[in-house]
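Asks: give me a model of this one.
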Amino acid sequence: MGDRWLAPSEARIRVIANERNLFGCFTGAVAFGGTAGVTGMSANFVNGVLSGVSVTPTVVGSNLTLTVNDGLGHAATATFNVQSAYLGWASSAGNGFENTFTDTALTSNPDADNLTNLQEFAFGMDPTSSTTRTLAFDLGGEVTQPGVPVLRFAETKYHAVFARRKDYVSAGLTYTAEFSADLKIWTPFDSGFGSVLTAVGSSDLEAVSIQFPNTVPVQSGGAVQVPKFFRVGVSGN
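Replies: Numbering: from 1, shown residues only. Okay, here's the model as predicted:
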C-alpha cells in the first residue's frame, strides 16, 4: 500500500496470493499476524483472493505488516502505514479550519481559547479560531453546531450535554463527565444517572446527554447534596 497514511478505520486490506502466479495456493482459512495488531483466522480464499473479509489495524505507526499464513507453507505479507485519527484530523486540508493549523501538539492551545487541541478534536471544534461556541444539537442526538458542553433542562431534570466523536473508540478517546455540589469533590458519570443520545446522521459527532444524579458527596462531614456543577474531561491514547 506504499507510503499512503491511513486512519485505522480506513484501512481495509486484501491480500492476493501470487506464488508462481498460481492464485489458488491458499486452500483454506489463514491466520493473521504481523505488527499491525491484526490477529485471528480468516475465511477461505477464493481463487487466491480473500473475499468477504476486511481487517482493521489496531496499531498506529509506519512500515507495519499484515501477514497471512495457511499453515501449509503458503504465506504473504503487506506493508503499510497507519496514521492516528488525531493526526489525520490535524493534517486534513478539507477540515474547514478558519486559519492554518501549525501548532498541532495535543496539549497546545494555539487559538488561546482555553481548550487544548485534544479537546478541540474531541468536541469537533476549530483549533485555529478563538471564537468559543456552545454546543447545539437536535433531539435525535445530531450535532448542528460543535461547541463546548452545555446544560439542558428536560423532563424535570438537568442534563449535561457534550459532543462526542462517533469514532471515539478507534480514535482512542475517553470522555468523562463529572458532577459536583461544592466544586471540591467530583463524582464521575455512572450509567444509572440517565440516558445517552444516539445519532445516525452524516455528522462525525453525536450529542451525549447525561442526567444529573440526584445527590453527590460533598467534602464537609461526608454528607451528600444536590449537584450544581458538571465538567467533561477528555483523554487520548
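Asks: low-confidence stretches in the chain?
Replies: 1-28, 40-55, 93-95, 190-202 (pLDDT under 70).
Asks: the most centrally placed residue in the chain: what secondary structure?
Replies: Against the mean C-alpha coordinate of the chain, by CA atoms, centre = their mean, the closest residue is Y168 at 2.0 Å. Assigned with DSSP: H, G, I helix; E, B strand; the rest coil, Y168 falls in the coil class.
Asks: now swap in the one 10 residues further on and tell me
Replies: Assigned state for E178: strand (three-state reduction, three-state DSSP).
Asks: give me every residue that touches the closest residue in space to N237 that isn't next to it in sequence.
Replies: Leaving out its chain neighbours, the residue that sits closest to N237 by CB to CB, 6 or more residues apart in numbering is G172, at 4.4 Å. Backbone N, C-alpha and C define where each C-beta goes, glycine included. Shown in contact with G172 (CB atoms under 8 Å, 6 or more residues apart in numbering): S84, A85, Y86, G236, N237.
Asks: I figured the second one hits S170, correct?
Replies: Yes. A85 sits in contact with S170 when judged by CB atoms under 8 Å, with a separation of 6.5 Å.
Asks: those two: who's more crowded?
Replies: A85 (21 against 16; other CB atoms under 10 Å).
Asks: show me the helices in this protein, by range?
Replies: Along the chain, the segments classed as helices by DSSP state H run 85-91, 117-123.
Asks: which neighbouring elements make contact with the last one?
Replies: Spelled out, it's helix 117-123. Helix 117-123 sits against helix 85-91, strand 157-165, strand 173-180, strand 229-236, with contacts defined as 3 or more CB pairs under 8 Å, 6 or more residues apart in numbering; DSSP states H and E.
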